[in-house]
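>>> The following comprises the amino acid sequence and a computationally predicted model.
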Amino acid sequence: MIFSDKYIDYSSKTKKELRQALILFSLLSNKIIVKIGNYLLKITLKLHLPVLFIIKNTIFKHFCGGENISDSRARIHNLGTHNIQTILDYSVEGKNDVQSLENTYKEILKNLDEAKTNSLIPFSVFKFTGLARFDLLKKINTKKQLNKAEKNELKILKKRLNDICQKAENIKIPILIDAEESWIQDAIDELTEELMIKYNKSEVIVFNTIQLYRWDKLKYIKDLHNQAKRKKFKLGLKLVRGAYMEKERLWSKKKNIKCVIHRTKENCDQDYNSAIKYCINNIEDIGLCFGTHNEYSTDLILQLMKQKGIENNDKRIYFSQLLGMSDNISFYLSYFNYNVAKYVPYGPIREVIPYLIRRVEENSAITGQTKSEIKRLKKALKEKT
Ligand SMILES: Cc1cc2nc3c(=O)[nH]c(=O)nc-3n(C[C@H](O)[C@H](O)[C@H](O)COP(=O)(O)OP(=O)(O)OC[C@H]3O[C@@H](n4cnc5c(N)ncnc54)[C@H](O)[C@@H]3O)c2cc1C
């Protein structure tokens with residue numbers, strides 16, 4: 001382990017909370033239980049089973065801030081006492097009806113209002129699929145001609161995007177745009193590039209997310225950087241490995257096309273680390289947010305910052321981990337005064353279940369990280385007694 005546990009401050013956690021977290025991660029490390037749990041989460045979603053209170057007091061409590069912004073304030077404050085900021089992430093996914101899309105749009109504006117008045121929130125964030133129908137994005141991605149109704153939907157989407165970015169620019173809160181499935185990502189990239197050209201003239205307001213588990217994205221970063229130099233705008237990039245690997249593999253198999261994901265983890269790591277080097281070498285043109293729990297990559301960033309004489313708290317470089325994961329990295333970074341913010345998802349419990357399913361899958365897949373969490377929690381519990 002590169003980042004020691006010794007900087008984590010568990011003093012605000014009760015013994016009960018630590019024990020609950022330990023039970024949760026122990027369950028997540030058991031593949032059979034995870035399979036059953038995941039199945040139950042999916043059924044809960046479909047059949048509206050009355051088990052939301054169980055989810056609320058276990059997995060939701062660990063990985064989410066609350067059901068709305070005001071519910072999440074206690075978490076934001078608590079993280080803030082440890083010099084860790086918060087990126088509030090309205091994690092309602094997979095809604096396609098007109099009303100839900102409008103609600104999400106309004107929630108993102110509210111999220112920006114909260115950031116404006118709370119210095120512990122450095123960014124806002126959203127997903128395109130929160131603002132537009134998935135099938136519309138899929139069609140834009142194919143470059144097929146849109147019909148009249150779809151053209152109108154695209155117009156509404158563009159208006160929402162511009163309203164959000166205009167507000168972000170006015171209040172000087174940069175906005176992160178999440179990356180999603182490859183069959184809608186070209187559409188997201190193109191629309192986000194338009195926003196960067198418009199809003200990133202002098203400061204970085206719009207950040208696109210780059211998934212380095214894709215073999216085509218390192219080149220994309222370099223091409224985008226060249227475009228930015230030509231058109232005189234700044235780049236905002238959040239670098240992640242990528243969250244949809246299983247889905248992508250199934251998709252390419254079903255469609256009989258080459259998968260966009262690297263064949264091996266090593267290749268993915270290589271591209272992530274090359275992207276780190278490229279971006280830090282071009283820090284004059286790029287605002288960066290590293291969304292990773294990988295200790296080697298995080299350490300590489302710290303080494304490069306040191307080599308280049310970049311201050312720890314240089315505003316151009318942010319680190320972010322998900323709430324409930326890799327506290328050893330977050331607390332280490334905050335202790336040494338780097339800019340670090342937790343992604344804190346929030347939303348009505350039922351709506352956040354797809355996000356929780358991804359966390360369950362991720363934590364059961366990354367057994368090494370889950371084992372470290374268990375070790376950490378056991379040690380913290382022992383120290384409390
Ligand atoms: C703050 C934050 C924001 C995020 N935002 C997004 C987002 O907008 N969009 C998104 O898609 N994800 C997002 N993620 C999730 C992220 O993409 C990763 O899934 C997750 O963080 C695990 O990767 P890691 O860098 O922590 O490192 P590790 O734990 O070292 O790597 C695990 C990751 O490596 C990749 N991988 C594993 N095996 C293979 C293989 N055989 N071949 C190729 N690649 C492999 C997968 O991406 C897997 O998730 C975000 C994560 C964080 C912390």
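Sure, I can see it. Residues are numbered from 1 along each chain as shown.

>>> Hmm, residue 337 is touching residue 83, no?
Yes: when contacts are counted by Cβ atoms under 8 Å, residue 337 is listed as touching residue 83 (7.4 Å). In this view, the C-beta of every residue, glycine as well, is placed from N, C-alpha and C.

>>> Neighbour count: the two, which is higher?
The residue with more neighbours, out of residue 337 and residue 83, is residue 83; 17 against 11, by other Cβ atoms under 10 Å.

>>> mind listing what that one touches?
Contact analysis of residue 83 by Cβ atoms under 8 Å, 6 or more residues apart in numbering lists 334-335, 337, 340.

>>> Torsion angles phi and psi at it?
Per-residue torsions, residue 83: phi 70, psi 30 (degrees, to the nearest 10).

>>> try residue 344
Per-residue torsions, residue 344: phi -110, psi 100 (degrees, to the nearest 10).

>>> would residue 324 count as being in a helix?
No: assignment of residue 324 by DSSP: H, G, I helix; E, B strand; the rest coil gives coil, placing it outside any helix.

>>> Report the separation between it and the ligand.
Using Cβ to the nearest ligand atom, to the nearest Å, residue 324 is found at 11 Å from the ligand.

>>> Could you report the distance from residue 338 to the ligand?
Distance of residue 338 to the ligand, computed by Cβ to the nearest ligand atom: 14 Å.

>>> and that residue, helix, strand or coil?
Classification of residue 338 using three-state DSSP returns coil.

>>> quick one: which of the contacts of residue 83 has the most company?
If you count neighbours using other Cβ under 10 Å, the busiest of the contacts of residue 83 is residue 340, which has 26 neighbours.

>>> partners of that residue in the sheet?
Beta bridges link residue 340 to residue 319 when assigned by DSSP bridges.

>>> What of the one 4 residues further on?
Listed beta-bridge partners, residue 344: residue 88 (assigned using DSSP bridges).

>>> In contact with it, which residues?
64-65, 72, 75-76, 79, 86-89, 323.

>>> Looking at those, spot the one nearest the ligand.
In terms of Cβ to the nearest ligand atom, no member of those lies closer to the ligand than residue 87, at 7.0 Å.

>>> how far away is that closest one from residue 268?
Here the criterion is Cβ to Cβ, to the nearest Å. By it, residue 87 lies 23 Å from residue 268.

>>> Quick check: closest non-adjacent residue to the closest residue to the ligand within the stretch 201-350 of the chain.
In the stretch 201-350 of the chain, the residue that lies nearest the ligand is residue 291 (2.8 Å; Cβ to the nearest ligand atom). In space, and not counting its chain neighbours, residue 291 is closest to residue 240: 4.4 Å by Cβ to Cβ, 6 or more residues apart in numbering.

>>> Could you give the number of residues near the one you found?
Count around residue 240 with other Cβ under 10 Å applied: 18.

>>> you'd agree it is up against residue 210?
Yes: counting by Cβ under 8 Å, residue 210 is a contact partner of residue 240 at 7.2 Å.

>>> Mind listing the shared neighbours of the two?
Listed as contacting both residue 240 and residue 210 by Cβ under 8 Å, 6+ apart are residue 179.

>>> How about the contacts made by residue 249?
Contacts of residue 249 (Cβ under 8 Å, 6+ apart): 259, 261.

>>> Residue 239 looks like it's in a strand, true?
Yes: checked against three-state DSSP, residue 239 lies within a strand.

>>> so where does the spatially closest residue to residue 184 that is not a sequence neighbour fall, helix or strand?
Distances taken as Cβ to Cβ, 6+ apart place residue 137 nearest to residue 184, at 4.0 Å, with adjacent residues excluded. Secondary structure from DSSP states H and E places residue 137 in helix 134-142.
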